[in-house]
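A.B. asks: when you get a sec, could you give me coordinates for this:
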Amino acid sequence: MPSTPAPRPASDTSAAPDAATPPARRTPGGPVLQDSVTEAIAAAFFEELAAVGYARLSLETVAKRAGAGKAAIYRRWPSKLDMTVALIRAVAVDASEIKDTGTLRGDVLAFLAATADALRHPLPAKIIPDLLAEAVRTPELAQVLLTAVRDPRRSKATDLLERAVDRGELPADLDRELALDLLAGPLYWRLAVVHTATAPDYLDRLTDKLLAAFAA
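C.D. replies: Numbering: from 1, shown residues only. Okay, here's the model as predicted:
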């Protein structure tokens, strides 16, 4: 999940933007929505979600943190759940790309490095475990975490494995489901569940172990 800029007070008006203002957009039959306000609300949402968790998050506090009115939120999302689903989906799409380095080892190391960077960021480090816990109680949230977060990242990781098979670095009969679990599991467990620091060479060592497991 990318870092979010500190929100700044914002107004949501229909005035024509100047050259320094992001372009506005209009909802069907509704008011013009300034992109700068949307960005401020999104930043405030993630900061508030990290601070208090999904269950205690309120649209009023998000609006106050963003320096916007509560009505500005309702113009964009009809509920807290809709807001959460939309913003998590947008961030997940941005974070789903995996580098093609030309080698399996390079691809795996790049994947692990990007995952580690995301899990070490102070906002995702708090948000991800909270959302996973909340998903047990909120089926709609569970579904978006599957379709917007897990599935795209798993699809990209599958592409990583398929490239290695095509290059002859992995056998054609590779157990892909197990390989995908191995690729994501150890690092997530260490950084997001047990919150254990890693040595500078940890990702290199983990990469070597994963390559050995894939080829076994």
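A.B. asks: helices of the protein, start to end?
C.D. replies: 35-52, 59-66, 70-74, 80-94, 104-120, 122-137, 139-144, 151-166, 176-188, 202-215 (DSSP state H).
A.B. asks: tell me which of those sits most buried.
C.D. replies: helix 35-52 (a mean of 21; mean count of other CB atoms under 10 Å). Using the backbone N, CA and C atoms, a C-beta is placed for each residue, glycine as well.
A.B. asks: what's the mean pLDDT across it?
C.D. replies: What helix 35-52 shows for mean pLDDT is 93.
A.B. asks: and that helix with helix 122-137, angle?
C.D. replies: Here the directions of helix 35-52 and helix 122-137 differ by 70 degrees (axes from the mean of the first three to the mean of the last three CA atoms, to 10 degrees).
A.B. asks: returning to what we had before: which of the helices of the chain has the lowest mean pLDDT?
C.D. replies: Among the helices of the chain, helix 80-94 scores lowest, with a mean of 82.
A.B. asks: which strands or helices does that one pack on?
C.D. replies: helix 35-52, helix 59-66, helix 139-144, helix 151-166 (3 or more CB pairs under 8 Å, 6 or more residues apart in numbering; DSSP states H and E).
A.B. asks: from Ala63, how far off is Asp35?
C.D. replies: Asp35 sits 17 Å away from Ala63, taking CB to CB, to the nearest Å as the criterion.
A.B. asks: and Lys80, by the same measure?
C.D. replies: Distance from Lys80 to Ala63, by CB to CB: 12 Å.
A.B. asks: domain map for the protein?
C.D. replies: As given by automatic domain parsing, the domain ranges for the chain are 24-79, 95-215.
A.B. asks: and these: which comes nearest Arg89?
C.D. replies: Proximity to Arg89, assessed across the domains of the chain by CB to CB, is greatest for domain 95-215 (4.0 Å).
A.B. asks: quick one: the closest one to chain centroid distance?
C.D. replies: With CA atoms, centre = their mean, to the nearest Å as the basis, domain 95-215 stands 12 Å off its chain's centre.
A.B. asks: contact partners for the residue nearest to Val108 when sequence neighbours are not counted?
C.D. replies: Distances taken as CB to CB, 6 or more residues apart in numbering place Thr207 nearest to Val108, at 5.0 Å, with adjacent residues excluded. If you count contacts by CB atoms under 8 Å, 6 or more residues apart in numbering, Thr207 has them with 105, 108-109, 112.
A.B. asks: starting at the chain centroid, how far to stretch 86-106?
C.D. replies: On the basis of CA atoms, centre = their mean, stretch 86-106 sits 9 Å off its chain's mean C-alpha point.
A.B. asks: my bad, stretch 52-60
C.D. replies: Using CA atoms, centre = their mean, the offset of stretch 52-60 from its chain centre is 18 Å.
A.B. asks: quick check: end-to-end length of it?
C.D. replies: By CA to CA, to the nearest Å, the extent of stretch 52-60 from end to end equals 13 Å.
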